[in-house]
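Participant: I'd like to go over a predicted model; first the sequence, then the structure.
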Amino acid sequence: MKSWPEVYIPTIDSKYAFPELSLLNTATKAIETLPRKKKYRMYVCGITPYDSTHLGHAATYLTFDLINRYLRAMGSKVVYVQNITDIDDPLLERANRDGVNWQDLAHAQIDLFRSDMTTLHVIPPQDYIGAVEAIDLVTKKIEELKDAGAIYGVDEDLYFRVHSDPDFGSRSHLSKEESLTIFGERGGDPAREGKENPLDSLVWLAQRPNEPGWSSIHGQGRPGWHIECCAIALHYLKPEKDTEYLIDIQGGGSDLIFPHHEMSAAQARVSTGRNFAQLYVHTGMIGLNGQKMSKSLGNLVFVSTLVKSGVNPMTIRCALMMQPYAADRMWNEELLLSAQEFLDSLTLRLSQPQCAPTSDLIQDIIQALARNLDTERVFSMLQKWIDESAKGAEGGNPGELSRTLDALLGIAI
């Protein structure tokens, strides 16, 4: 599937030192350093294309864009893969509700997502893969799991034995009761009769009446959600041989920690005998005016709607980066106005021939990003620089700072 256009990334002077990047690892609940490498492999779970790109989506992809930008600025190559779950129950349900073809709905929403990512200045993934085009990969992965004794049937459907991975549950740290509750809320079927374990996850769904299906060695049907990401990640990221971890970063919103990322990691572990990701990195949820933002509440704020109303995409980008990426946080008009005022002031100062010193500021920005993407500190330092420049401080290079902010933060002025 086609990704969106490449983003121009300015170079940063080699006089600046880039420490190794440290990030919060969900699996260990600790901030850990990613060892310096020539190549990093990052997989971030993409959208299920049945609705527009809302601010929760945007916050997630901006976070991994920051990671991508930092690792590249270190001088490393980043192999970045993202999927699109372009066949799943929510998509079919929305298409039936609205009386439209599910493929037409998916294509329209994927096009809008690409447009939103381009508008927000997000670096595209090297491979952008739909579940439908990955069905052959999924069937092969199921065969590998079957060979490992980890697959069984219920009627004509196939399930993965989650406890064939001895470390199942170690990435999400939930009790059995919590796991069952969340599994049922997020697409699982813990109460289905015939399953060996309520948490076992579907890997192949036999075709149902009036639903699409694809022919395979497992019969006519379609893939389960978790196996899709496992198969796509391992095929397109091409892990090195004989390393402890198959990939460097598995990422997404915190709502994917369980069951999705736990299940995908377990399937990767069982099919390869190796640990899936060195770091599991997750972004917090975005709320609206004190409430959880969700489709069920009907209070989603869409990127495209904001842009059509005249909001500068860089304002949206700033607003979503002003607070810690891993924290649940609120979106409101005050935050948007604050971000706009900041961006206006920053643009003004960067357009002046004289400004406060910038060399130490640039190094401090790099240091802050290296410490778990501390954008809150970055924006605080930038505001201090704006204030000092407004008071007449001199000695800085506005062009160099502007290029640095574009390269590291994606703020294109």
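Facilitator: Nice, thanks for sending it over. All values derive from a computational prediction rather than experimental measurement.

Participant: When you work out contacts or count neighbours from here on, use the C-alpha atoms and nothing else.
Facilitator: Fine.

Participant: tell me the SS of the spatially most central residue of the chain?
Facilitator: In the chain, the centroid-proximal residue (CA atoms, centre = their mean) is residue 252; its distance is 3.6 Å. Per DSSP: H, G, I helix; E, B strand; the rest coil, the secondary structure class of residue 252 is strand.

Participant: go on, residue 94?
Facilitator: Three-state assignment for residue 94 (three-state DSSP): helix.

Participant: and it, how far is that from residue 224?
Facilitator: Distance of residue 94 to residue 224, computed by CA to CA, to the nearest Å: 18 Å.

Participant: So for those two, which residue has more residues nearby?
Facilitator: Neighbour comparison, residue 94 and residue 224: the larger count goes to residue 224, with 22 against 17 (by other CA atoms under 10 Å).

Participant: re earlier: wait, the residue nearest to the centre of the chain touches residue 60, no?
Facilitator: Yes - Residue 252 is within contact range of residue 60, at 6.3 Å (criterion: CA atoms under 8 Å).

Participant: For these two, list the residues in contact with both.
Facilitator: Common contact partners of residue 252 and residue 60 (CA atoms under 8 Å, 6 or more residues apart in numbering): 282, 283.

Participant: For the residue nearest to the centre of the chain, which residues count as its bridge partners?
Facilitator: Beta bridges link residue 252 to residue 282 when assigned by DSSP bridges.

Participant: quick one: the strands in this protein?
Facilitator: Applying DSSP state E to the chain gives strands spanning 22-25, 30-33, 39-44, 77-84, 127-130, 151-154, 157-160, 201-206, 221-223, 245-253, 275-283, 286-288, 291-292, 329-331.

Participant: how about these in CSV, adding mean pLDDT and distance to residue 299?
Facilitator: Shown next, in CSV, are the strands of the chain (pLDDT from 0 to 100; distance: least, CA to CA, whole Å):
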stretch, mean pLDDT, distance to residue 299
strand 22-25, 98, 29
strand 30-33, 98, 33
strand 39-44, 98, 25
strand 77-84, 98, 23
strand 127-130, 98, 28
strand 151-154, 98, 38
strand 157-160, 98, 35
strand 201-206, 97, 31
strand 221-223, 96, 31
strand 245-253, 98, 18
strand 275-283, 98, 20
strand 286-288, 91, 7
strand 291-292, 78, 8
strand 329-331, 94, 11
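
Participant: Minimum distance to residue 342: which of those has it?
Facilitator: Residue 342 sits nearest to strand 329-331 of all the strands of the chain, at 16.2 Å, using CA to CA.

Participant: What segments of the stretch 301-413 of the chain are helices?
Facilitator: Taking DSSP state H, counting those that start in this stretch, the helices of the stretch 301-413 of the chain run over residues 303-308, 313-321, 333-350, 359-370, 375-390, 398-409.

Participant: if you compare the ones you listed, which one is most tucked away?
Facilitator: Mean neighbour count (mean count of other CA atoms under 10 Å) peaks for helix 313-321 among these, with a mean of 22.

Participant: ok, and what's touching that helix?
Facilitator: Residues from elsewhere that reach helix 313-321, judged by CA under 8 Å, 6+ apart: 59, 62-63, 119-120, 303, 307, 335-336, 338-340, 343, 375-376, 411-412.

Participant: Output it in PDB, but only the C-alpha positions, please.
Facilitator: Taking C-alpha atoms only, helix 313-321 is exported to PDB below (Å, rounded to 0.1, in the frame of the first residue of the first chain):
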ATOM      1  CA  PRO A 313      -1.200  22.200  11.600                       C
ATOM      2  CA  MET A 314       2.000  23.300  13.400                       C
ATOM      3  CA  THR A 315      -0.200  24.600  16.200                       C
ATOM      4  CA  ILE A 316      -1.800  21.200  16.500                       C
ATOM      5  CA  ARG A 317       1.700  19.600  16.500                       C
ATOM      6  CA  CYS A 318       2.900  22.000  19.200                       C
ATOM      7  CA  ALA A 319      -0.200  21.500  21.400                       C
ATOM      8  CA  LEU A 320       0.200  17.700  21.300                       C
ATOM      9  CA  MET A 321       3.900  17.900  22.200                       C
END
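
Participant: so for it, what's the average pLDDT?
Facilitator: Across helix 313-321, pLDDT averages out at 98.

Participant: can you give me how far that helix is from the chain middle?
Facilitator: Mean-position distance between helix 313-321 and its chain equals 17 Å (CA atoms, centre = their mean, to the nearest Å).

Participant: what's the answer for stretch 372-382, then?
Facilitator: Relative to its chain's centre, stretch 372-382 lies at 20 Å (CA atoms, centre = their mean).

Participant: what do you get for stretch 231-244?
Facilitator: Here the centre of stretch 231-244 is set off from its chain's centre by 18 Å, with CA atoms, centre = their mean.

Participant: before we move on, what about stretch 222-239?
Facilitator: Distance, stretch centre to chain centre, for stretch 222-239: 15 Å (CA atoms, centre = their mean).

Participant: any residues touching it, and which ones?
Facilitator: Stretch 222-239 is contacted by residues 41-43, 45, 79-81, 83, 85, 87-88, 127, 129, 131, 134-135, 137-138, 141-142, 201-207, 212-214, 246-247, 260-261, 263-265, 267-268 when judged by CA under 8 Å, 6+ apart.

Participant: List the buried residues in it.
Facilitator: Across stretch 222-239, burial judged by 16 or more other CA atoms under 10 Å covers 222-234, 236-237, 239.

Participant: now do stretch 98-108
Facilitator: Neighbour counts over stretch 98-108 (16+ other CA under 10 Å) mark 102, 103, 105, 106 as buried.

Participant: Only C-alpha atoms, please: export that stretch in CSV.
Facilitator: Taking Å, rounded to 0.1, in the frame of the first residue of the first chain, the C-alpha atoms of stretch 98-108 are listed here in CSV:
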residue,chain,number,x,y,z
ASP,A,98,-23.8,3.8,7.1
GLY,A,99,-24.9,1.7,4.2
VAL,A,100,-21.6,1.9,2.3
ASN,A,101,-19.2,-0.6,0.9
TRP,A,102,-16.6,-1.5,3.5
GLN,A,103,-13.7,-1.2,1.0
ASP,A,104,-14.9,2.2,-0.1
LEU,A,105,-15.0,3.3,3.5
ALA,A,106,-11.5,2.0,4.2
HIS,A,107,-10.0,3.6,1.1
ALA,A,108,-11.5,7.0,1.9
